[in-house]
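Trainee: Next come a sequence and a model predicted from it.
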Amino acid sequence: MKFITSNEGKFREAKELAEMFSIEIEWLRMEYEEPQALELEEIARKSAEILSEKIKEPFFIEDSGLFIEALNGFPGPYSSYVFKTIGNEGIIKLMAGIKNRKAYFKAIVAYFDGSKIKTFDGIVHGEIALEIRGRKGFGFDPIFLYGDRTFAEMGEEKNLVSHRRKALEKFFTSIKVRQH
Ligand code: ITT
């Protein structure tokens with residue numbers, strides 16, 4: 001089965017987990033068009049629908065975002081764009097002086113089984129750090145505090161608790177149940 005993503009960090013997390021489920025996944029590295037919508041679920045489902053017109057075999061994609069409570073859920077569905085433009089430094093600046101630092105990551109996996117699309121979700125709650133901390137991971141990992149460490153300071157341990165892990169676990173479990 002193919003995992004379509006342009007993001008190597010996402011693929012690595014998924015590959016490790018898939019191995020634990022004895023599921024083979026292959027990386028189809030490509031960018032694809034993401035229709036705009038306010039809900040990640042809708043974006044992921046529509047993206048998978050568009051891709052399924054070209055790619056006829058089973059595949060999955062994963063759409064994720066960081067939602068900051070004090071910023072009314074920003075950057076949410078625009079996380080990829082915001083990361084590329086203002087990055088972690090920009091988020092730290094936007095959050096200067098703000099006491100409520102609650103945030104969560106959300107992931108939606110959209111799976112095309114050859115005929116229809118199913119989605120699976122995962123959420124992890126945390127806080128926006130006061131400064132950039134840690135070198136591992138990708139994207140917003142160095143500013144996302146889970147307990148007293150950022151995801152970028154947790155290394156592989158992040159993969160045990162991440163939003164992606166939770167969504168993929170639901171997805172891989174559903175595949176295994178159907179195979180037996
Ligand atoms: P795709 O090709 O799979 O779309 P992408 O990087 O564009 O790759 P998204 O559209 O899902 O991915 O954007 C999600 C962005 O949110 C991503 O670029 C990261 O900056 C951030 N993000 C998502 N999951 C993250 C995680 O586990 N740790 C840190 N940042 C994360």
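Mentor: Cool, got the structure.
Trainee: Tell me how far the residue of the chain found nearest the ligand lies from Glu57.
Mentor: Of all residues in the chain, Gly139 sits closest to the ligand, at 2.5 Å by C-beta to the nearest ligand atom. Heads up, the C-betas are built off the backbone N, CA and C, glycines and all. Look at Gly139 and Glu57: by C-beta to C-beta, to the nearest Å, they are 28 Å apart.
Trainee: Of the two, give the one with the bigger neighbour count.
Mentor: Higher neighbour count among Gly139 and Glu57: Gly139, with 22 against 10, using other C-beta atoms under 10 Å.
Trainee: residues in contact with the more buried one?
Mentor: By C-beta atoms under 8 Å, 6 or more residues apart in numbering, the residues touching Gly139 are Asn7, Gly9, Leu66, Ser79, Phe83.
Trainee: Compare the residues you listed and tell me which is most surrounded.
Mentor: Among those, the one with the most neighbours (other C-beta under 10 Å) is Leu66, at 25 neighbours.
Trainee: so that one touches Phe105, yeah?
Mentor: Yes: Leu66 lies in contact with Phe105 (C-beta atoms under 8 Å); the separation is 5.6 Å.
Trainee: which residues do these two both contact?
Mentor: Shared contacts of Leu66 and Phe105, defined by C-beta under 8 Å, 6+ apart, comprise Phe140, Phe144.
Trainee: Could you verify that the residue of the chain closest to the ligand is part of a helix?
Mentor: No: read with DSSP: H, G, I helix; E, B strand; the rest coil, Gly139 is coil and lies in no helix.
Trainee: what's the distance between it and Ile175?
Mentor: Counting by C-beta to C-beta, the gap from Gly139 to Ile175 is 26 Å.
Trainee: same check, this time on Trp27
Mentor: Applying C-beta to C-beta to Trp27 and Ile175 gives a distance of 18 Å.
Trainee: What residues are bridge-paired with the spatially most central residue of the chain?
Mentor: Taking C-alpha atoms, centre = their mean, the centroid of the chain lies closest to Ser64, which sits 3.4 Å from it. Beta bridges link Ser64 to Ala107, judged by DSSP bridges.
Trainee: Show the contacting residues for it.
Mentor: Counting by C-beta under 8 Å, 6+ apart, Ser64 has contacts Lys10, Leu40, Ser79, Phe105, Lys106, Ala107, Ile108, His163, Arg164.
Trainee: Give the phi and psi angles for the residue nearest to Leu71 when sequence neighbours are not counted, as a check.
Mentor: Of all residues not flanking Leu71 in the chain, Leu94 sits nearest, at 6.7 Å (C-beta to C-beta, 6 or more residues apart in numbering). Main-chain torsions, Leu94, degrees, to the nearest 10: phi -60, psi -30.
Trainee: Alright, that wraps it up for me.
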